[in-house]
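Colleague: I need the structure of the sequence given here:
(2 chains)
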Protein chains: 2
Amino acid sequence: MSTSSTPRRRWGWGHADDSIDDADLRERKAFLEDALGFPERPVLEPTPLEEATIPEPAIEPPARLASFCSSDRATRARRTYGMAPPENVRAFHGDFEPAPDVVAQPRTESDVADVLEWATENRVAVTPVTGGTGVAGGTSPPTGDRRDAYAGTVALDLRNLNEVLEVDEESRTALIEGGTMGPSINDQLEEYGLHLRHYPQSYELSGLGGWIATRSGGHYATRYTHIDEFVESVRMLCPAGTFETQRVPAHGAGPDANRLVCGSEGTFGVVTRAWMRVEPRPTYRSEAAVYFDSVLEAAEAIRRIVQAKLAPANCRLHDRVETSMYGLDDIDREMVVLGFESTDRPTDPAIDRALEICADAGGDCPDGPDHHGSGYDQHRSPDSDVVRWGQAFQLGGAGNAAIPLCVVRGTVETAVTWDRFPAFHEAMLETVRDALEDECGMGHVSTRFSHVYPDGPAVYYTFQAPGDRDPDRRIEQWQRIKRAALDTVMDHALTPTHHHAVGRNHKAWYARQIPENYGESLRAIKGVLDPAGVMNPGVLLDSATDGD
Amino acid sequence: MSTSSTPRRRWGWGHADDSIDDADLRERKAFLEDALGFPERPVLEPTPLEEATIPEPAIEPPARLASFCSSDRATRARRTYGMAPPENVRAFHGDFEPAPDVVAQPRTESDVADVLEWATENRVAVTPVTGGTGVAGGTSPPTGDRRDAYAGTVALDLRNLNEVLEVDEESRTALIEGGTMGPSINDQLEEYGLHLRHYPQSYELSGLGGWIATRSGGHYATRYTHIDEFVESVRMLCPAGTFETQRVPAHGAGPDANRLVCGSEGTFGVVTRAWMRVEPRPTYRSEAAVYFDSVLEAAEAIRRIVQAKLAPANCRLHDRVETSMYGLDDIDREMVVLGFESTDRPTDPAIDRALEICADAGGDCPDGPDHHGSGYDQHRSPDSDVVRWGQAFQLGGAGNAAIPLCVVRGTVETAVTWDRFPAFHEAMLETVRDALEDECGMGHVSTRFSHVYPDGPAVYYTFQAPGDRDPDRRIEQWQRIKRAALDTVMDHALTPTHHHAVGRNHKAWYARQIPENYGESLRAIKGVLDPAGVMNPGVLLDSATDGD
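Modeller: Here you go, the predicted structure:
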């Protein structure tokens, strides 16, 4: 059985010892060809580790760091990439060209500081990694000219800083180390009857430091879902020293320092610990699936729900393409999944009101709401559409199978105000469909609202198309489709990422999102916190000091 | 009648044509002497404008700015100070030594840019002002050595940028100019049936740009009360150019640029406009007053309410000293004011649940809840304790009367986690009582929770004591009491300000709150946005470029 201490796979989603089942792969191939109309898919074999291209290490750590550093091929390969589609393709085909020279697994904060000192003094690029599940190209060492500006590269893997150090039950906060993975955080909080209510889709394999560094979004649809909102105080170790904020519930003293750490993507320093807001698990839950004839009708219902401040835990829209891409083709309408939760009181009044609003907007809820949890003394109905959807919608299966089956698969997400949503949505679908047609001859694009706000939804587009057998060409197909989509996003003056960070893959569009003097401001901060420019070079922004 | 275009008073709260009624002053004097036990209070007369000390202007604006600039004594006197207690004392006694040389009232953003350009080229210190009601010493030109480092000073008064430029009813957002005062914002939104749900205590005389620059807190007790949460996007004009963020409901792209503007206190630039989240006025309201025997009991009830995520609009604690200082001495227990509001559904279930929690924690609600609003088709009970409290608790009266009556009056506020609250509270009361005794021979300190969070309350202490007749000595008394209190706050590793900004008065303690390299980061940003160091010198932090 995999545990959180089992290493990750070299490519794709999962732990090193999770294999891809042949039967699953054949089933997926048949689904793509029969249900989605893809031309016959090849079934490629991954390049074994011994045949993979992994450059020899350019540097060695000094003796004082050696006890927690490793330079063996397998460890370096596993810490080469995040989970962006081109990264998965390269890893599958044994291309580990950006592999770090050294993987450091510090056991203490003092070890972290030692690595940063060594890196600063010797011009070694540092890539901080918690789970390494990022999909924006932000957890990989630099390559090419940028790599050449450094003596070497080190992946700073936080896995050993994995404890809940302190729990304040009264204030419902916990001091958690940066390398603690999602499941481990909640295992450790379990004895207090608490949990950190943050479940990004990568939950199983990602952890606190990465969530904070990337402004991770949880799976809840409305407020208290972004990691930023759970951070009470944070400690970030930087080459220039410790950056630690005061433990207070709120303040109005200057620009919020916590918010500078959130989203810094390892370019200023390494998040080693944070006081996080935690809470008991809900005792009351209500959920329902509601169907609409069009995305715009569903969007209108969602707008009214969120503007009524009902604050559902779930309020996700999945269009009919999305449900069919996950094999639920009997659902031939747009589906809205609603969920309410409470630790304190029944949730049926809230979902009843939300369902009233849906009905007014043309929604149909054939099965009515399902109430469950210890407060209701009821179990969840095992065969509801919400449960079926939850089971179909798992990370891993379809994503991992896409790689041997040469499927071009990607996502683009943004957020848009309600007034601009219809025109933007139409433009996006057109752009992505055209790009799929041009690059792959066909393909599908589906739409989801992952999160919703009073002023607009976070919209998430997933595309899937039959890709070329040649991995370089397949990566190019992905890039062209993604670029066309991101160009459309920025033509509408939006953001290239709602909750997947900037990394390297969104950087060009991020530069269009922010005012130029904000980019300069961030570079100036980097000059203070990381004067030698060794922290995660090339991620988030191009900096004069980071080797370009 | 005063309107928002009427100039402010030269000292104290209110418009220029609001007089202090002699009868009110006598009533206040009697109350202080009889009810609060103060020694006999003198009744001083304010120094008339013609006898006031207002230095001759050191500089003149160039011809191209002259049409919207003024250097007359009255205008300069009114834009000399904010509302910090020592500022009010100095203004009352005719000391306008920091008076700006020029008061600019730009009519357009282009005028603002022209002022910044002139200031940058001629080393003129710029003090941006919206309402000028700040209590932290952040809206006043520099003095002493810092002043001498500049050729002159200009107060940049935004009063003419006062329009709601655009309303997006669907997304419930409005584009509002930075100089728009509270009442004017909502007058302009009224025709859309919307309001900006932000009511700081200074609402009547303050406005959007100042709220954003100082991270203003509204009078609501729980979420969606800080101005930061209402800002969808913002435009700040800086000496180095325009800093404008994209209009999106949310994003995860890098550290949030909006949050850098919020709290920058005019040291980077001037907030000229922002897209703000607005909403309809509530149609359902429920409120109640609940009484407890001790502050700790009341705190426990509040903790449970906020941790149950009931999200009351009001959830304020006023201790018995506080109610008696406002003349409600028949309330001889700790009072918790609870309020719930909704635009969508009845609020009685929420307040009923909150009252259950209060009763469990030992609270007594003799009158029960009061439900009102158009949804209930009911008016507010005119003589409830909540209403009586609201009437007694008005800015102005007591504050303005304190000045001629030589009362030392001040506040200190912070936020603290629940686990540390009891020990901190005890230490604060002891510190402030000792300081009052030492400085003034006697005095009172009262306690309030102004805002509450799942992890702790914002605690607000108000002190009142008989001060010296000599204004310099009276300012010194205030400073010593305030410093002792702030030292205790920082000895507990908290924040010197929850919603009153840093300004100059909290700067020394703010430096203790933030990590040193965050201070350096902010200075580095200032170097980018305000390279000549002309923006609000000496406020928030000491900067190498700003004249020290």
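
Colleague: pLDDT at A:Trp11, what is it?
Modeller: A:Trp11 is assigned 85 on the pLDDT scale.

Colleague: For it, give its distance to B:Gln464.
Modeller: In this view, A:Trp11 and B:Gln464 are 69 Å apart by Cβ to Cβ, to the nearest Å. Where you see a C-beta, it was placed from the backbone N, CA and C, and this is true even at glycine.

Colleague: do the same with A:Asn162
Modeller: In terms of Cβ to Cβ, A:Asn162 sits 52 Å off from B:Gln464.

Colleague: Kindly report the same for A:Tyr518.
Modeller: The gap separating A:Tyr518 from B:Gln464 is 44 Å, by Cβ to Cβ.

Colleague: go on, A:Pro100?
Modeller: 63 Å.

Colleague: Between the two, which is the more surrounded one?
Modeller: A:Pro100 (30 against 22; other Cβ atoms under 10 Å in any protein chain shown).

Colleague: Tell me if I'm right that the more buried one and A:Arg147 touch.
Modeller: No: between A:Pro100 and A:Arg147 there is no contact, the gap being 10.5 Å when judged by Cβ atoms under 8 Å.

Colleague: okay, and the common contacts of the two?
Modeller: A:Pro141, A:Thr153 (Cβ atoms under 8 Å, 6 or more residues apart in numbering or on different chains).

Colleague: Show me how chain A divides into domains.
Modeller: As recorded under automatic domain parsing, the domains making up chain A are A:22-157, A:284-372.

Colleague: What is the end-to-end distance of the last one?
Modeller: When you say that, I think you mean domain A:284-372. 6 Å (Cα to Cα, to the nearest Å).

Colleague: Would it count as contacting chain B?
Modeller: Yes: contact of domain A:284-372 with chain B (Cβ under 8 Å from any Cβ of the partner chain) involves A:Arg303, A:Gln307, A:Ala308, A:Lys309, A:Leu310, A:Ser342, A:Thr343, A:Asp344, A:Arg345, A:Pro349, A:Arg353.

Colleague: how about those in a markdown table, adding secondary structure, distance to B:Glu27 and neighbour count?
Modeller: Putting the residues of domain A:284-372 next to chain B into a markdown table (DSSP: H, G, I helix; E, B strand; the rest coil; distance: Cβ to Cβ, whole Å; neighbours: other Cβ atoms under 10 Å in any protein chain shown) gives the following:
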| residue | secondary structure | distance to B:Glu27 | neighbour count |
| --- | --- | --- | --- |
| A:Arg303 | helix | 52 | 23 |
| A:Gln307 | helix | 46 | 21 |
| A:Ala308 | coil | 46 | 17 |
| A:Lys309 | coil | 43 | 18 |
| A:Leu310 | coil | 48 | 21 |
| A:Ser342 | strand | 49 | 19 |
| A:Thr343 | coil | 49 | 17 |
| A:Asp344 | coil | 46 | 18 |
| A:Arg345 | coil | 47 | 18 |
| A:Pro349 | helix | 49 | 16 |
| A:Arg353 | helix | 49 | 16 |
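
Colleague: Convert the C-alpha atoms of the helix or strand containing A:Val89 to PDB, please.
Modeller: Counting by DSSP states H and E, the element that carries A:Val89 is helix A:85-92. Only the C-alpha atoms of helix A:85-92 are listed here, as PDB (Å, rounded to 0.1, in the frame of the first residue of the first chain):
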ATOM      1  CA  PRO A  85       1.400  17.700 -19.400                       C
ATOM      2  CA  PRO A  86       4.700  18.300 -21.300                       C
ATOM      3  CA  GLU A  87       6.600  17.300 -18.200                       C
ATOM      4  CA  ASN A  88       4.600  14.000 -18.000                       C
ATOM      5  CA  VAL A  89       5.300  13.300 -21.600                       C
ATOM      6  CA  ARG A  90       9.100  14.000 -21.200                       C
ATOM      7  CA  ALA A  91       9.300  11.900 -18.100                       C
ATOM      8  CA  PHE A  92       7.400   9.000 -19.800                       C
END
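
Colleague: what helices or strands is that helix leaning on?
Modeller: strand A:407-415, helix A:471-491 (3 or more Cβ pairs under 8 Å, 6 or more residues apart in numbering or on different chains; DSSP states H and E).

Colleague: just the angle between it and helix A:471-491, please?
Modeller: Helix A:85-92 runs at 170 degrees relative to helix A:471-491, counting by axes from the mean of the first three to the mean of the last three Cα atoms, to 10 degrees.

Colleague: Can you give the distance from helix A:85-92 to the centre of its chain?
Modeller: How far helix A:85-92 lies from its chain's middle: 17 Å, per Cα atoms, centre = their mean, to the nearest Å.

Colleague: Then stretch A:177-186?
Modeller: 16 Å.

Colleague: Return that stretch as PDB; C-alpha atoms alone will do.
Modeller: C-alpha atoms of stretch A:177-186 as PDB (Å, rounded to 0.1, in the frame of the first residue of the first chain):
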ATOM      1  CA  GLU A 177       5.500  22.300   8.900                       C
ATOM      2  CA  GLY A 178       5.800  23.100   5.300                       C
ATOM      3  CA  GLY A 179       6.500  19.600   4.000                       C
ATOM      4  CA  THR A 180       3.500  18.000   5.600                       C
ATOM      5  CA  MET A 181       1.300  16.300   3.000                       C
ATOM      6  CA  GLY A 182      -2.500  16.700   2.900                       C
ATOM      7  CA  PRO A 183      -3.400  13.300   4.400                       C
ATOM      8  CA  SER A 184      -0.700  13.600   7.000                       C
ATOM      9  CA  ILE A 185      -1.900  17.000   8.200                       C
ATOM     10  CA  ASN A 186      -5.400  15.600   8.800                       C
END
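
Colleague: Name the residues that touch it?
Modeller: With contacts defined as Cβ under 8 Å, 6+ apart, stretch A:177-186 is touched by A:4, A:130-131, A:157-165, A:176, A:188, A:195-196, A:198-200, A:202-209, A:212, A:270-274.

Colleague: buried subset of the residues you listed?
Modeller: A:4, A:130-131, A:157-162, A:164, A:176, A:188, A:195-196, A:198-200, A:202-209, A:212, A:270-274 (16 or more other Cβ atoms under 10 Å in any protein chain shown).

Colleague: so where's the stretch 1-150 of chain A shaky on pLDDT?
Modeller: Across the stretch 1-150 of chain A, the ranges flagged by pLDDT under 70 are A:1-5, A:17-19.

Colleague: Okay, strands next: where are they in the stretch 301-450 of chain A?
Modeller: Counting by DSSP state E, counting those that start in this stretch, the stretch 301-450 of chain A has strands at residues A:314-318, A:334-342, A:370-372, A:407-415, A:444-453.

Colleague: Export those strands to TSV and append columns for mean pLDDT and distance to B:Leu44.
Modeller: Formatted as TSV, the strands of the stretch 301-450 of chain A follow (pLDDT from 0 to 100; distance: least, Cβ to Cβ, whole Å):
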stretch	mean pLDDT	distance to B:Leu44
strand A:314-318	95	60
strand A:334-342	97	57
strand A:370-372	96	67
strand A:407-415	97	57
strand A:444-453	96	53
